[in-house]
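Peer 1: Sequence first, predicted coordinates after that:
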Amino acid sequence: MSTDMYGVRVLAVDPDELRVRFLVFAVYYDVASCTHIPLPNEEPNTFLHFLWEAASGYLGDGDERTGPLGRVVSTDQLLDYEWADTNARRFISRVERVELRNYPLTEAQWEKMYDFYYERDGSWKDEELLVQAEYEIRVTDRKWLEPLSVGDGWGSAAFPLNGDSWTAEDSPHLPDLARPAVTLRPYQTTTGSVTYDHITGMDFSDDGTYLALCSDQGRVWVYDTADWSEVVHTRAGDWIVPLMMWVPGGHILVVKGYSSGGEIEEEKQWAYDVDRRAEVDAPFQRGHLRSRDGAYRISPNGAGEGGFDVHGDEPEPSRRISHAGEWDPIQCTAFSGDSSRLFLGAQQNLYVVDPATGEVIDKVGDASKRLFTLASNGDGSYLAVGSFSRKLGYLDFREERPHELCVWRMADKKIILGRQLRTYVDALSWSPDGRWLAAALEPLAKKGFHEGRTELAIFPMGPVDD
């Protein structure tokens, strides 16, 4: 017999408006450690579980009411967490938490709490003490609300699955991570040894005409985004850790060596004019990353936080970014397309910087167990993130640790879209016109990785409900 995580009560139901309001109680606590099951986020899959329970005869002893949802969705489907994650939006279009109560519990409140609360005739002991919230749920068909009535209450063994919670308003700005428009395989046209080779850099040209890739061994590919044909495949020479960058305003690509904090960059680079298909001379491109308009560049500063300075074409004057006030080394970086924001991803924390001042203007603490790569849309309102998966706890990958590709809505700092991959995310880039998100994906391998097998997924905007 499963232990209930939540108690659910129907506060209002309006089939004509495809709407129901639930009051959800947390009923599973560990009083000794002052912790409890978190209340559901605004993700449809947990609420699909609630609706399914109500439609499958779980409303209470002697209550045999059922509904169409209980017949359409099988128990096996509901307990297949990948299926539920993918299909919940077929039944629920939107969830909004409208009121939160008794959170967080005070020390005095914890003294009155028990570890478990059991449902009795649709009610729970000491309901007024429980952590709880009201939710407004919109469904896709009125039949999914059968047989609910105001006052119904039941215990639920559902638990949060970190599912998608994007809305129709978000959709035009989000990549459809379930359906890449194109999958490119750059190493298919490669000769020579590819042992240990993988994609380390990827960026669209400023006008979005080209997408360039650079590998750990200095291989360079360029694709024409009009038809995704490969127009350049060459070598940029030998670099211990190659960095790739476009010269602002044109189609000249440079590759140079990585510089550590406190070092003066050696003005040595390889430059290639993609339009002319020829190596050329070009002004030296400073820094590790530049903004789309070329106004800002960042370089490691060696200042004790593991961070960066912001500067222009020349290293001085620069603005030192104190992102943490302590050692919290930055792992990944991205400018917004309009250059108004600089995103710095440490191992777990995400910092948002105004590059004009070098000041941290926002932070997401404990954003992930590990952040690997970032890409921002045009105005910084959405951020694509390759990170350690939130879902490995309930998906069966055993010793494998693939990444999750997520999209954050920065207005409320919520992950609203995520796709559990069976790959690692090596690099991300968002096109200047906002039409594409490119992801360099490294397949899992039982005997190591980085063996020239990276694939490039090109995701269009506009996820849809299956």
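Peer 2: Noted; the coordinates are in hand. All values derive from a computational prediction rather than experimental measurement.
Peer 1: Please report phi then psi for residue 298.
Peer 2: phi -130, psi 140 (degrees, to the nearest 10).
Peer 1: What of residue 75?
Peer 2: Residue torsions, per degrees, to the nearest 10, at residue 75 are phi -60, psi -40.
Peer 1: Pull out the buried residues from stretch 161-172.
Peer 2: For stretch 161-172, the neighbour count (16 or more other C-beta atoms under 10 Å) marks 161, 162, 163, 164, 165, 166, 170 as buried. (Each C-beta comes from the backbone N, C-alpha and C, glycine too.)
Peer 1: Could you check how far the fourth one is from residue 424?
Peer 2: In other words, residue 164. Separation of residue 164 from residue 424 (C-beta to C-beta, to the nearest Å) stands at 21 Å.
Peer 1: can you put the buried residues of stretch 161-172 in a markdown table and add pLDDT and secondary structure?
Peer 2: Shown next, in a markdown table, are the buried residues of stretch 161-172 (pLDDT from 0 to 100; DSSP: H, G, I helix; E, B strand; the rest coil):
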| residue | pLDDT | secondary structure |
| --- | --- | --- |
| 161 | 81 | coil |
| 162 | 82 | coil |
| 163 | 84 | coil |
| 164 | 88 | coil |
| 165 | 88 | coil |
| 166 | 90 | coil |
| 170 | 94 | coil |
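Peer 1: and these, which two are the farthest apart?
Peer 2: 161 and 170 (19.1 Å; C-beta to C-beta).
Peer 1: in the stretch 351-466 of the chain, which spans are strands?
Peer 2: Using DSSP state E, counting those that start in this stretch, the strands assigned to the stretch 351-466 of the chain run over residues 359-364, 371-376, 382-388, 403-409, 414-420, 423-430, 436-443, 455-460.
Peer 1: go on, the stretch 101-250 of the chain?
Peer 2: Using DSSP E, counting those that start in this stretch, strands in the stretch 101-250 of the chain cover 132-139, 153-156, 182-184, 199-204, 210-215, 219-224, 229-235, 242-246.
Peer 1: winner for burial among those?
Peer 2: strand 210-215 (a mean of 24; mean count of other C-beta atoms under 10 Å).
Peer 1: That one pairs with which strands, and in what direction?
Peer 2: strand 199-204 (antiparallel), strand 219-224 (antiparallel) (DSSP bridges).
Peer 1: Convert the C-alpha atoms of that strand to PDB, please.
Peer 2: Extracted C-alpha coordinates of strand 210-215, given in PDB (Å, rounded to 0.1, in the frame of the first residue of the first chain):
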ATOM      1  CA  TYR A 210      25.900  30.800 -40.400                       C
ATOM      2  CA  LEU A 211      26.400  28.400 -37.500                       C
ATOM      3  CA  ALA A 212      30.000  27.600 -36.700                       C
ATOM      4  CA  LEU A 213      31.400  24.700 -34.600                       C
ATOM      5  CA  CYS A 214      34.800  24.200 -33.200                       C
ATOM      6  CA  SER A 215      36.200  20.900 -31.700                       C
END
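Peer 1: all numbers from here: first residue = 40
Peer 2: New numbering, starting at 40: the last item is strand 249-254.
Peer 1: relative to strand 494-499, how tilted is that strand?
Peer 2: Here the directions of strand 249-254 and strand 494-499 differ by 150 degrees (axes from the mean of the first three to the mean of the last three C-alpha atoms, to 10 degrees).
Peer 1: Okay, angle between strand 249-254 and strand 475-482 too, please.
Peer 2: Going by the same axes, to 10 degrees, strand 249-254 makes 20 degrees with strand 475-482.
Peer 1: would you turn the strands paired with strand 249-254 into a markdown table with distance to residue 85 and mean pLDDT?
Peer 2: Below are the strands paired with strand 249-254 laid out as a markdown table (distance: least, C-beta to C-beta, whole Å; pLDDT from 0 to 100):
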| stretch | distance to residue 85 | mean pLDDT |
| --- | --- | --- |
| strand 238-243 | 35 | 97 |
| strand 258-263 | 40 | 98 |
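Peer 1: Between the ones you listed, which one is closest to residue 65.
Peer 2: strand 238-243 (42.7 Å).
Peer 1: between the closest one and strand 281-285, how big is the angle?
Peer 2: 0 degrees.
Peer 1: Residues touching strand 238-243, excluding its own?
Peer 2: Here strand 238-243 makes contact (C-beta atoms under 8 Å, 6 or more residues apart in numbering) with 225, 249-255, 264, 280-285, 465-471, 475, 477, 479, 481, 493, 495.
Peer 1: got a list of contacts for stretch 302-309?
Peer 2: Against stretch 302-309 from outside (C-beta under 8 Å, 6+ apart): 275-276, 293-296, 298, 318, 321, 323-325, 338, 354.
Peer 1: for stretch 41-53, same thing?
Peer 2: 58-67, 76, 79, 89, 92-93, 155-158, 161, 163, 169, 173, 184, 187-198.
Peer 1: Enumerate the positions of that stretch that are buried.
Peer 2: 43, 44, 45, 46, 47, 48, 49, 52.
Peer 1: What average pLDDT does it get?
Peer 2: Stretch 41-53 shows a mean pLDDT of 95.
Peer 1: now do stretch 289-307
Peer 2: The model assigns stretch 289-307 a mean pLDDT of 89.
Peer 1: Same list, the buried residues of stretch 200-211, but as TSV with distance to residue 456 please.
Peer 2: Formatted as TSV, those follow (distance: C-beta to C-beta, whole Å):
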residue	distance to residue 456
200	14
201	11
202	10
203	5
204	8
205	5
209	8
